[in-house]
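Chemist: below are the sequence and a predicted model; questions follow.
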Amino acid sequence: MAANPDRQDLESFWLPFTSNRAFKKNPRMVSRASGMHYWTPEGKQILDGVAGLWCCNAGHNHPKIQEAIKAQADEMDFAPHFNFAHPGAFEVANRLCEDTPEGINHVFFTNSGSESVDTALKIALAYHRERGDAARTKLIGREKGYHGVGFGGISVGGIPLNRRQYSASLLPGVDHLPHTHDLSRNAFSRGLPEHGAELADELEAIAQLHHPSTIAAVIIEPIAGSAGVLIPPVGYLKRIREICDRHGILLIFDEVITAFGRLGSPYASQAFDVTPDIITTAKGLTSGTVPMGAVFVKDSIYNAFMEGPGQAIELFHGYTYSAHPLAVAACRASQEVYREEGLYQRAAEMAPVFEDALHSLKDEPYVIDVRNYGLMGAVELQPIDGKPGARGLDAMIRAFESGAMVRVTGDILAFSPPLIIEPSHIEELVECVRKVLCSL
Ligand SMILES: Cc1ncc(COP(=O)(O)O)c(C=O)c1O
């Protein structure tokens, strides 16, 4: 097929989470990438303000990661991990657990964030059963939470449109915390918003409503990404942790976006000094190069499964492609790049530059909020009356046409650039967005 297919050739591919008809009338294609940039098939350079889709933390086409993938492709194509294994999987597991919070030293491999979430929920349910506490079957998510697209993930997820087409078939026994997005008190916060820690106390109320002894786990994103970069109020996550501890409820942090340096540390758990029981990851795990996810669990959880008869399978769960050799090679190389190039530290150093630049958009047309933490940020726009999302979509399209890729959720523009971003790129990105806002 030609680099840029004719319009009629766009029919077969059903794009995910996209208006197919609108896209196919006005497609936005990229066909090459390097460092901070994509290029369209026509050769136009696009500055990547979202690391692809919150993925490519090391920047695009990093030579070390490319080489590792190529070398693995030459060496061995596939290895089964049901009753067999390849040594690289153990090596990379050990390496990853060097950076996890204390007491979290076991990892289950998946192929995506959605699979990581459903794996984590299943581990939580199975863990309580293994301990003889099988009445703990309820799962608590949060409004506006995004946990991928599996039935577990959409059930605990809190984005109404992601649930609506399947609403009759969601998991039973799920409840939701209120979200923490409160522009009336927190608009234009820099870093953690000041107000809203008390919203964590709703967990106590929900626990009492169902009875705490029935609740298996709470799952939240430390910073909600897909709903538009919703940053936790000061003290909120600690309160959630305390309530979980009080009632023996497992706390799952969905770090599919926040892990691997996005917040200037390996995991959000370290940035916020709150240690969950389970961490779900994907995306930056391989810097987006090969699909891979990972679920990290506390030693006490892993050990609870290791007590039955020695020959028994401990967890009836897994994927054909768990720890696929290409993913393992990409993961190992990505983690080496993060460490050798000091990219987490770099993200921490760049965060104040990013913050100042983003907040310089405060007085531009339609801007009702700017928020940021680490190298994650958002600019929220006033919706057009009766047409929610239209202004945001228009802004995203105009940004792409002006040479920058940003993410849009409703009327919120989200930013999560590769961690290699330079101050000049930040300026270019923000000036592009400023022009776009002035043109709306
Ligand atoms: C927090 C969170 N969980 C889960 C997912 C789902 O990941 P995937 O699209 O790889 O299935 C995402 C994707 O953006 C996410 O942000």
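Modeler: Structure received.

Chemist: middle-most residue in the protein, spatially?
Modeler: Nearest to the geometric centre of the chain sits residue 257, at 2.4 Å (Cα atoms, centre = their mean).

Chemist: helix, strand or coil for that one?
Modeler: coil (DSSP: H, G, I helix; E, B strand; the rest coil).

Chemist: count the residues that sit near the residue nearest to it when sequence neighbours are not counted.
Modeler: Nearest residue to residue 257, sequence neighbours excluded (Cβ to Cβ, 6 or more residues apart in numbering): residue 225, at 3.9 Å. Every C-beta, even on glycine, is put in place using the N, C-alpha and C of the backbone. When neighbours are defined as other Cβ atoms under 10 Å, residue 225 has 25 of them.

Chemist: next one: residue 86
Modeler: By other Cβ under 10 Å, the residues close to residue 86 number 18.

Chemist: list the contacts for residue 80?
Modeler: residue 320 (Cβ atoms under 8 Å, 6 or more residues apart in numbering).

Chemist: could you check the pLDDT of the closest residue to the ligand within the chain?
Modeler: Distances between the chain and the ligand by Cβ to the nearest ligand atom are smallest at residue 113, namely 2.2 Å. Among the per-residue scores, residue 113 shows a pLDDT of 98.

Chemist: what do you get for residue 331?
Modeler: pLDDT at residue 331 comes out at 98.

Chemist: CA atoms only: put the helix or strand encompassing it into CSV for me.
Modeler: Using DSSP states H and E, residue 331 sits in helix 325-340. What follows is helix 325-340 as a C-alpha-only set of coordinates in CSV (Å, rounded to 0.1, in the frame of the first residue of the first chain):
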residue,chain,number,x,y,z
PRO,A,325,10.4,-12.2,23.9
LEU,A,326,10.1,-9.1,21.8
ALA,A,327,8.3,-7.2,24.5
VAL,A,328,10.9,-8.4,27.1
ALA,A,329,13.7,-7.2,24.9
ALA,A,330,12.0,-3.8,24.4
CYS,A,331,11.2,-3.5,28.1
ARG,A,332,14.8,-4.3,29.2
ALA,A,333,16.3,-1.8,26.8
SER,A,334,13.7,0.9,27.7
GLN,A,335,14.4,0.5,31.4
GLU,A,336,18.2,0.7,30.7
VAL,A,337,17.6,3.9,28.7
TYR,A,338,15.5,5.5,31.4
ARG,A,339,18.3,4.7,33.9
GLU,A,340,21.4,5.5,31.8
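
Chemist: pull the distance from it to the chain's centre.
Modeler: Chain-centre distance of helix 325-340: 18 Å, with Cα atoms, centre = their mean, to the nearest Å.

Chemist: counting by contacts, list what that helix packs against.
Modeler: helix 63-75, helix 87-97 (3 or more Cβ pairs under 8 Å, 6 or more residues apart in numbering; DSSP states H and E).

Chemist: is it possible to get CSV of these that adds distance to the ligand, mean neighbour count and mean pLDDT?
Modeler: Putting these into CSV (distance: least, Cβ to the nearest ligand atom, whole Å; neighbours: other Cβ atoms under 10 Å; pLDDT from 0 to 100) gives the following:
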stretch, distance to the ligand, mean neighbour count, mean pLDDT
helix 63-75, 18, 15, 98
helix 87-97, 17, 16, 98
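
Chemist: buried residues in the helix holding residue 331?
Modeler: The neighbour-count check on helix 325-340 (16 or more other Cβ atoms under 10 Å) flags 325-335, 337-338 as buried.

Chemist: try stretch 173-184
Modeler: Counting neighbours by 16+ other Cβ under 10 Å, one finds that the buried residues in stretch 173-184 are 174, 175, 176, 177, 178, 179, 180, 181, 182.

Chemist: bridged to the fourth one, which residues?
Modeler: In this structure, residue 177 has beta-bridge partners residue 142, where bridges are defined by DSSP bridges.

Chemist: residues in contact with it?
Modeler: Contact analysis of residue 177 by Cβ under 8 Å, 6+ apart lists 140, 141, 142, 143, 199, 200, 202, 203, 206, 218, 220.

Chemist: got the contact list for the third one?
Modeler: For residue 142, the contacting residues are 158, 176, 177, 178, 179, 219, 220, 221, 224, by Cβ under 8 Å, 6+ apart.
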